[in-house]
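K.L.:
missing the sequence, but the structure's below:
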């Protein structure tokens, strides 16, 4: 995915999941979207998650983000 798909998914939520010390997975090697992904700055994403722990840690981050988003919407 990227620039063209990102524009079409609004409203929507774009997540970037990162893991320190590991190179980004290439997906389909040489595919345009994989190369483009590397050029997109973190601030283009709605949510950045760190995947530096176990699955439980990652799931807890996701749960916290969902609760925050629900609470923010209820305060509108």
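P.N.:
All right, it came through fine. Remember, predicted model here, so these are calculated numbers, not experimental data.

K.L.:
pull the number of nearby residues for the residue lying closest to residue 18 once chain neighbours are set aside.
P.N.:
Nearest residue to residue 18, sequence neighbours excluded (CB to CB, 6 or more residues apart in numbering): residue 50, at 5.9 Å. To be clear about C-beta, it is placed using only N, CA and C from the backbone, and glycine gets the same treatment. For residue 50, the count of nearby residues is 12 (other CB atoms under 10 Å).

K.L.:
which residues are in contact with residue 50?
P.N.:
The contact partners of residue 50, taken as CB atoms under 8 Å, 6 or more residues apart in numbering, are 17, 18, 19, 20, 61.

K.L.:
and the buried ones among those, selectable in PyMOL?
P.N.:
To isolate the buried ones among the contacts of residue 50 in PyMOL, judged by 16 or more other CB atoms under 10 Å, type:
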select buried, resi 61
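
K.L.:
between the contacts of residue 50, which is closest to residue 44?
P.N.:
For the contacts of residue 50, the residue nearest residue 44 by CB to CB is residue 18; the value is 13.6 Å.

K.L.:
circling back to that earlier point, give me the distance between the residue nearest to residue 18 and residue 36.
P.N.:
Note on residue 50: its distance to residue 36, by CB to CB, to the nearest Å, is 22 Å.

K.L.:
that concludes my questions; thank you for your assistance.
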